[in-house]
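Engineer: got a sequence here, can you model it:
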Amino acid sequence: MCYNIGLSIGSATVLCAFSAWLVFGAGQKFTPQTKAVIAGTLVGLSTMQISEAFMHADSDCSTGLNKFGSRLALMSLYVLQPIFSAAGMAAMPHTSFAGYSDTANHYGRYVWAAWGIMYLVLTCMVADSDLIGDNTFQSTALNQTVSRWCTVDKDNDSLHWRFDDANPAGIWYVYYFVVLGWSALHIEGVYTKLNIPAAWVWFIAIPLVHVCLIYVTSYWTAPASCFFGPLITALGLFLLKPKPHEYGAI
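Structural biologist: Residues are numbered from 1 along each chain as shown. Below is the predicted model:
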């Protein structure tokens, strides 16, 4: 989520441009696997910013762009982002997972099986909710009754997704595993002289920082994450030691 159409477009542009630099301009600083999984995940996330640009462009739900953006946002969450993350993981042969080397690719099939199970759980949670149907609500911004696919009302400068109100409890954590967490475990490299696997740093830090900040402070809102998220991602990558480190075989 972003504050306005300019930031939505800007964030999507930064995510795609950074992904292009990773793949074509980063040279040998990152391994091909790290480049693929991060670029694929970031491009997938950019589809959400594009969705919200359509919402901001039709702030009174008069042209149909807002409803299109809302439906695209739903597709982004549960279809496009998982597909792009999966494409990033599949683009290169698995040479490591969760900090372990696997030159012979003995356990790659189990990694994909685990991801497939999590995606199936996510799909079932979505199917068990009323996200496809339509109903209405009283919009405080427009002062009239509108469709749930009219995303205009704001809470703390964040667009209120009425179409997502029926989400099952805990779905964010399943979404995290499918879209972000599993991809993070494919990152090769280490942090600090202690050779801490970067895969586990990213896997643990993303939900920990998000959950802590969203409940402890009012400054970390969805629009703030849209603005600072790409910057934090870039900083985390530049601190990554370029050469992958083997921690043993599973």
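Engineer: show me the contact partners of the helix or strand where Gly10 lies.
Structural biologist: Using DSSP states H and E, Gly10 sits in helix 5-24. Helix 5-24 is contacted by residues 2, 30, 35-36, 38-40, 42-43, 45-47, 49-50, 52-53, 56-57, 223, 226-227, 229-230, 233-234, 237 when judged by CB atoms under 8 Å, 6 or more residues apart in numbering. For the C-beta atoms, the positions are set from N, CA and C on the backbone; glycine is no exception.
Engineer: now do the buried residues in the helix or strand just after that helix.
Structural biologist: Next helix or strand after helix 5-24 toward the C-terminus (DSSP H and E): helix 32-57. Residues of helix 32-57 classed as buried by neighbour count (16 or more other CB atoms under 10 Å): 33-56.
Engineer: and what of stretch 232-239?
Structural biologist: For stretch 232-239, burial by neighbour count (16+ other CB under 10 Å) applies to 233, 236-237.
Engineer: leaving out chain neighbours, which residue sits closest to Phe177?
Structural biologist: Distances taken as CB to CB, 6 or more residues apart in numbering put Met118 closest to Phe177, at 4.9 Å, once the chain neighbours are dropped.
Engineer: that neighbour: neighbour count?
Structural biologist: As a burial measure, Met118 scores 19 neighbours (other CB atoms under 10 Å).
Engineer: where do the strands sit along this protein?
Structural biologist: Secondary structure of the chain (DSSP state E): strands at 96-97, 100-101, 136-139, 144-147, 154-155, 158-159, 190-191, 196-197.
Engineer: which residue is nearest the centroid of this structure?
Structural biologist: Centroid check for the chain by CA atoms, centre = their mean gives Leu45 as the closest residue, at 4.6 Å.
Engineer: which residue, other than its chain neighbours, is closest to it?
Structural biologist: That would be Leu15: by CB to CB, 6+ apart, it lies 6.0 Å from Leu45.
Engineer: and the pLDDT at the one you found?
Structural biologist: According to the prediction, Leu15 has pLDDT 90.
Engineer: what's the answer for Gly108, then?
Structural biologist: The model's pLDDT for Gly108 equals 79.
Engineer: for it, give me its contacts.
Structural biologist: By CB under 8 Å, 6+ apart, the contact list for Gly108 reads 93-94, 97, 102.
Engineer: any idea how far Pro168 is from the residue nearest to Ala198 when sequence neighbours are not counted?
Structural biologist: Once flanking residues are discounted, Ala198 sits nearest to Gly189: 4.4 Å by CB to CB, 6+ apart. Note on Gly189: its distance to Pro168, by CB to CB, to the nearest Å, is 35 Å.
Engineer: low-confidence stretches in this protein?
Structural biologist: Scanning the chain for pLDDT under 70 picks out 1, 103-106, 130-132, 156-157, 217-224, 226-227, 242-250.
Engineer: number of residues surrounding Ser225?
Structural biologist: For Ser225, the count of nearby residues is 19 (other CB under 10 Å).
Engineer: helices of this structure, start to end?
Structural biologist: 5-24, 32-57, 65-75, 81-90, 108-127, 171-175, 182-184, 198-216, 222-238 (DSSP state H).
Engineer: dump these to a markdown table, plus distance to Trp161.
Structural biologist: Output for those, formatted as a markdown table (distance: least, CB to CB, whole Å):
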| stretch | distance to Trp161 |
| --- | --- |
| helix 5-24 | 14 |
| helix 32-57 | 9 |
| helix 65-75 | 7 |
| helix 81-90 | 15 |
| helix 108-127 | 14 |
| helix 171-175 | 13 |
| helix 182-184 | 24 |
| helix 198-216 | 16 |
| helix 222-238 | 10 |
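Engineer: among these, which is nearest Thr136?
Structural biologist: helix 65-75 (12.7 Å; CB to CB).
Engineer: that closest one - contacts with which helices or strands?
Structural biologist: Counting contacts by 3 or more CB pairs under 8 Å, 6 or more residues apart in numbering; DSSP states H and E, helix 65-75 is packed against helix 32-57.
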